[in-house]
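>>> heads up, no residue letters with this:
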């Protein structure tokens, strides 16, 4: 007899429903009453688990941060090439797409919650450090030619583009009806285009091929 799935607890359902609504409308435009109404529960039931919307945002960010942590692990000691960098970016953008509300209203969410702002800032710095090490690994492998100064600037630009890509893609889409989900492959290529001028040999040829596939 197949094992029955454990019924989802109300707290889990609140987080799932909130994530879907936040992604669709933007967290500042969703109230706790909206979330309770979507779930067909009383506001009091929701407040039993979360005192306000900011608490829900904070818990969703914690879940995002936990899933992001392995991607920001120190890559030193691993063999890194363009394909590995592209895969890393692809996985990163896929995860960001699942929690895209965080990037859609980043400035407003950070202004409302200083703790969230601090944690997000720490994550951005860790991401920059990870990109620096990825570039250093490619320099060491002979597939990239860049100085430490150039690597530092590249890492900052990569994190900048990654952070605000979702807003750029959303605002620039052809019509409001177009899905707000990120094309992870296209986004990864746009970031790789930043490092393309520093690549040599087969690594540069691979970037050119990816460009033909995604543009």
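Yes, it's here. Everything numeric here is computed off the predicted structure, so don't read it as measured data.

>>> tell me what the helix or strand harbouring residue 84 is packed against?
Assigned by DSSP states H and E, residue 84 belongs to helix 82-98. Packing partners of helix 82-98 (3 or more Cβ pairs under 8 Å, 6 or more residues apart in numbering; DSSP states H and E): helix 53-68, helix 114-140, helix 148-171, helix 184-195, helix 202-214. Backbone N, C-alpha and C define where each C-beta goes, glycine included.

>>> and the third one, what's buried?
Within helix 148-171, the residues that qualify as buried are 150, 151, 154, 155, 158, 159, 162, 163, 165, 166, 169, 170, counting by 16 or more other Cβ atoms under 10 Å.

>>> which residues touch the fourth one?
Contacts for residue 155 were tallied using Cβ atoms under 8 Å, 6 or more residues apart in numbering; they are 128, 129, 131, 132, 135.

>>> for PyMOL, what selects the buried ones among these?
In PyMOL, a selection of the buried entries from the contacts of residue 155 looks like this (16+ other Cβ under 10 Å):
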select buried, resi 128+131+132+135
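
>>> for the contacts of residue 155, which one is nearest residue 116?
residue 128 (18.8 Å; Cβ to Cβ).

>>> for the closest one, give me the pLDDT.
Listed pLDDT for residue 128 reads 97.

>>> surely it and residue 156 touch.
Yes - using Cβ atoms under 8 Å, residue 128 is in contact with residue 156, at 6.2 Å.

>>> wait, residue 137 sits on residue 88?
No - when contacts are counted by Cβ under 8 Å, residue 137 is not listed as touching residue 88 (11.2 Å).

>>> helices and strands around the worst-scoring helix or strand of the chain on mean pLDDT, which ones?
When each helix and strand of the chain is scored by mean pLDDT, DSSP states H and E, helix 202-214 comes last, with a mean of 77. If you count contacts as 3+ Cβ pairs under 8 Å, 6+ apart, helix 202-214 packs onto helix 82-98, helix 184-195.

>>> of those, which is nearest residue 35?
helix 82-98 (18.0 Å).

>>> returning to that earlier point: next, the angle from the least confident helix or strand of the chain to helix 82-98.
Angle, helix 202-214 to helix 82-98, by axes from the mean of the first three to the mean of the last three Cα atoms, to 10 degrees: 40 degrees.

>>> now helix 202-214, how far from the centre of its chain.
Relative to the centre of its chain, helix 202-214 is centred 23 Å away, using Cα atoms, centre = their mean, to the nearest Å.
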